[in-house]
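*Asks:* Below are the sequence and a predicted model for it; my questions follow.
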Amino acid sequence: MWIATAEQCKKNDLDASEVYGIPPIVLIERAGLAVFENIKQLLPTGGKIVIVAGKGNNGADGLAVSRLAIEYNYHIDVLITALEDELGSDCRTQLMLARAQGVRPIFCDDARYARKMECLGAFDLIIDAILGIGGSGALHGSVQCAISKINRSGVPVISVDVPSGICTDTGADLGDSVWALRTVTFGLPKPCLFQGIGLEHAGYWSVADIGYPSPLLQNPTDARVTSPQWVLDVIPERLRIVHKRDCGHVLVVAGSKTMPGAAVLACQGALRSGAGVVTIASCRTTLETVWRHLPEVIGLELPCDLEGNLAGNAAEVLLETMDRVDSAVFGPGMGQSSQTHKFLEAVWENWNTPSCIDADALNAVANGLKLPDCEAVLTPHPGEMGRLLGCSVAEIQSDRFATVRQAVDILKRTVILKGAHSITGSDEMPLIVNSTGNSGMATAGMGDVLSGIVGTFLAQDLTPYLAAAAGTYLHGLAGDECAQNMGPVGFTASDVALKLPQSRAKLSGTCSTRSRVQSLPPSCSL
């Protein structure tokens, strides 16, 4: 499913009318019906609802909701954050229809408006129909006051299309923004549902079909969200006659005397996601740690000094294996010593095998190390991305979509910006926003497991772009399995790695066909 910016949504509205002959009122009526269906889910036996509406199309949607609600005998109040003569044409039409059905909206210049705003806590549900995708610039006046009072009311909120006060394209707060329990968005998901404070304030969100013609929804944009079927179509199918060498040989260059566990986790990620052979290249202490947990892993001991730092000829030892492996993972737990930097520099000068570059290898790149001349996936978290681009974490997180595009342009490689709804970017390709994963995965070692998964898919001849997107999805799916079966907090990276085979089997079981049907997975359609 494609992700649409505010400008693209406005164009779809215009094209629906001018190209396909669908009057705006039809879309507004269907939007109102979609929101009302959510009202019935939350208040199936009726209740007191207040609709706080703006002057534009979002307000028109809210007025359409009011007519449906009053028809089904809900107690309805409508508060409009503008003057009547400020209403747009579509909103004015809905006002006329609502009044004809008995709705009596209260405008912000009415003495009753302020009293009603102070009593929002007396309602069972608030419908936020103030700004929608039209929100831009700093909030002020009656709009800002209404948003503040909605948030202080303690009453559940359904936001129409986008939580008011959230920038549609970045997810940034425009000074204040509605904190919704649910958001019903229309046609296509918006970037604000995946990043910034919009990710939190949207609550549980769903995409409602309000009658946009199919070609408009299928027009490619510059970002899309993963679906189970898309991922199943991407990952290699395991044939019955397959040999372990056909499933890819992953070389993991990771770990150190003080951080051997990172190597264990990266190797686990590779094995559990389907690699045929995994080799760990590191110091002796790391190899012994890996073998205690994963006896299936082959060891390649790299020369080290007494302190566990890589010795001068370690690069030569590693380069001898390059032609025998299908992919490599560099970085987890390697440390940031000068010896590590020199080792990677010597290896990468001659390295041409597809690689996943993570953790301390990324820090070396941020310190000036030149990337190898090979296909590669870089997997930074926001802190590492900040070091790569020379900016703060706050700047990275302020617009994650734009950050990934900038990183791809500068680094000329496929990039995964990790975090909630990890984003994959590659040159001249749409961004891919991950739809799996949960906050319980915010714990040490998760990125190491991901690097092993991406290494496996690279070894199985997926392009870096597809390996990154599919690997991120499978990683998040395993995390969701852990959250469901073990609890939302307290599971570990090792737990996620162990869930990878089950998650892949579940993915195959829920996607019985190989057609390229695009739809949001259940985890994103709440």
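*Replies:* Nice, I can see it.

*Asks:* Quick check, central residue of the protein?
*Replies:* In the chain, the C-alpha nearest the mean C-alpha coordinate belongs to residue 421, at 1.8 Å (CA atoms, centre = their mean).

*Asks:* Would you mind listing the residues in contact with that residue?
*Replies:* Shown in contact with residue 421 (CB atoms under 8 Å, 6 or more residues apart in numbering): 194, 195, 199, 433, 434, 435, 437. To be clear about C-beta, it is placed using only N, CA and C from the backbone, and glycine gets the same treatment.

*Asks:* and which of the residues you listed is nearest to residue 177?
*Replies:* Nearest to residue 177 out of these is residue 199 (CB to CB; 11.7 Å).

*Asks:* That closest one reaches residue 193, doesn't it?
*Replies:* Yes - using CB atoms under 8 Å, residue 199 is in contact with residue 193, at 6.7 Å.

*Asks:* If you count surrounding residues, which of those two has more?
*Replies:* Shown here are residue 199 and residue 193; by other CB atoms under 10 Å, residue 193 has more neighbours (25 against 19).

*Asks:* Count the residues that sit near the residue nearest to residue 293 when sequence neighbours are not counted.
*Replies:* Excluding the flanking residues, the one nearest residue 293 by CB to CB, 6 or more residues apart in numbering is residue 264, at 5.0 Å. By other CB under 10 Å, the residues close to residue 264 number 30.

*Asks:* and residue 264, what element?
*Replies:* Using DSSP states H and E, residue 264 sits in helix 261-272.

*Asks:* name the helices or strands packed onto that helix?
*Replies:* Packing partners of helix 261-272 (3 or more CB pairs under 8 Å, 6 or more residues apart in numbering; DSSP states H and E): strand 249-253, strand 277-282, helix 284-293, helix 446-459, helix 493-510.

*Asks:* Please work out which of those is packed deepest.
*Replies:* When the helices and strands packed on helix 261-272 are scored by mean count of other CB atoms under 10 Å, the highest mean neighbour count falls to helix 446-459 (a mean of 31).

*Asks:* That one: what's the following helix or strand?
*Replies:* Downstream of helix 446-459 (by DSSP H and E), the next one is helix 464-486.

*Asks:* buried set for that following helix?
*Replies:* Across helix 464-486, burial judged by 16 or more other CB atoms under 10 Å covers 464-483.

*Asks:* Just want the angle from that helix to helix 261-272.
*Replies:* With axes from the mean of the first three to the mean of the last three CA atoms, to 10 degrees applied, the angle from helix 464-486 to helix 261-272 works out at 100 degrees.

*Asks:* and the contacts of residue 421, which of them are in strands?
*Replies:* Of the contacts of residue 421, the ones assigned to strands by DSSP state E are residue 433.

*Asks:* quick check, nearest of the contacts of residue 421 to residue 458?
*Replies:* residue 434 (17.6 Å).

*Asks:* burial of that closest one, as a residue count?
*Replies:* Neighbourhood size, residue 434 [other CB under 10 Å]: 28.

*Asks:* which residues sit in contact with it?
*Replies:* Each residue near residue 434 by CB under 8 Å, 6+ apart is listed here: 225, 226, 421, 422, 423, 424, 469, 472, 473, 476.

*Asks:* give the contact list for the fourth one.
*Replies:* This means residue 422. Residues counted as contacts of residue 422 (CB under 8 Å, 6+ apart) are 416, 433, 434, 437, 472, 476.

*Asks:* Just confirm the fifth one contacts residue 451, I think it does.
*Replies:* No - using CB under 8 Å, residue 472 and residue 451 do not qualify as a contacting pair, with a distance of 11.0 Å.

*Asks:* for the stretch 51-200 of the chain, what spans make up the strands?
*Replies:* Listed in chain order, the strands of the stretch 51-200 of the chain (DSSP state E, counting those that start in this stretch) span 75-80, 106-107, 125-129, 157-160, 182-186.

*Asks:* so can I have TSV of those showing mean pLDDT, mean neighbour count and distance to residue 272?
*Replies:* Putting the strands of the stretch 51-200 of the chain into TSV (pLDDT from 0 to 100; neighbours: other CB atoms under 10 Å; distance: least, CB to CB, whole Å) gives the following:
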stretch	mean pLDDT	mean neighbour count	distance to residue 272
strand 75-80	97	23	54
strand 106-107	98	18	59
strand 125-129	98	28	43
strand 157-160	98	29	39
strand 182-186	98	26	35
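
*Asks:* closest to residue 4 out of the ones you listed?
*Replies:* Per CB to CB, nearest to residue 4 of the strands of the stretch 51-200 of the chain: strand 182-186, 9.5 Å.

*Asks:* between the closest one and strand 125-129, how big is the angle?
*Replies:* Put simply, strand 182-186 runs at 30 degrees to strand 125-129, going by the same axes, to 10 degrees.

*Asks:* Just give me how far strand 182-186 sits from the chain centre.
*Replies:* Centroid separation for strand 182-186 versus its chain: 17 Å, with CA atoms, centre = their mean, to the nearest Å.

*Asks:* now do stretch 330-350
*Replies:* From the chain centre to the centre of stretch 330-350 is a distance of 31 Å (CA atoms, centre = their mean).

*Asks:* on that earlier part again, narrow the contacts of residue 421 to those in helices?
*Replies:* Mapping the contacts of residue 421 onto helices (DSSP state H) picks out residue 199.

*Asks:* picking that back up, where do the contact lists of residue 199 and residue 193 overlap?
*Replies:* Common contact partners of residue 199 and residue 193 (CB under 8 Å, 6+ apart): residue 171.

*Asks:* any idea how the chain splits into domains?
*Replies:* What the record gives for the chain is the domain set 6-219, 228-236+243-508, from automatic domain parsing.

*Asks:* give me every residue that touches the closest residue to residue 104 other than its chain neighbours.
*Replies:* Nearest residue to residue 104, sequence neighbours excluded (CB to CB, 6+ apart): residue 78, at 7.5 Å. Residues in contact with residue 78 (CB under 8 Å, 6+ apart) are 50, 51, 53, 62, 63, 66, 98, 103, 104, 105, 106.

*Asks:* Apply 7 Å and report the result again.
*Replies:* Counting by CB atoms under 7 Å, 6 or more residues apart in numbering, residue 78 touches 51, 53, 63, 66, 103, 105, 106.

*Asks:* same question, residue 234
*Replies:* Contacts for residue 234 (CB under 7 Å, 6+ apart) come out as 462, 466, 470.

*Asks:* Same list (these) but as CSV, adding pLDDT and distance to residue 139.
*Replies:* Output for the contacts of residue 234, formatted as CSV (pLDDT from 0 to 100; distance: CB to CB, whole Å):
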residue, pLDDT, distance to residue 139
462, 98, 45
466, 98, 41
470, 98, 40
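
*Asks:* mind putting those residues in JSON lines, distance to residue 178 included?
*Replies:* Shown next, in JSON lines, are the contacts of residue 234 (distance: CB to CB, whole Å):
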{"residue": "462", "distance to residue 178": "41"}
{"residue": "466", "distance to residue 178": "37"}
{"residue": "470", "distance to residue 178": "35"}
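
*Asks:* So which of these is the closest to residue 161?
*Replies:* Nearest to residue 161, judged by CB to CB, of the contacts of residue 234 is residue 470 at 30.5 Å.

*Asks:* Same question for stretch 202-221: list its buried residues.
*Replies:* Neighbour-count burial for stretch 202-221 flags 202, 203, 205, 206, 207, 208, 210, 212, 216, 217 (criterion: 16+ other CB under 10 Å).
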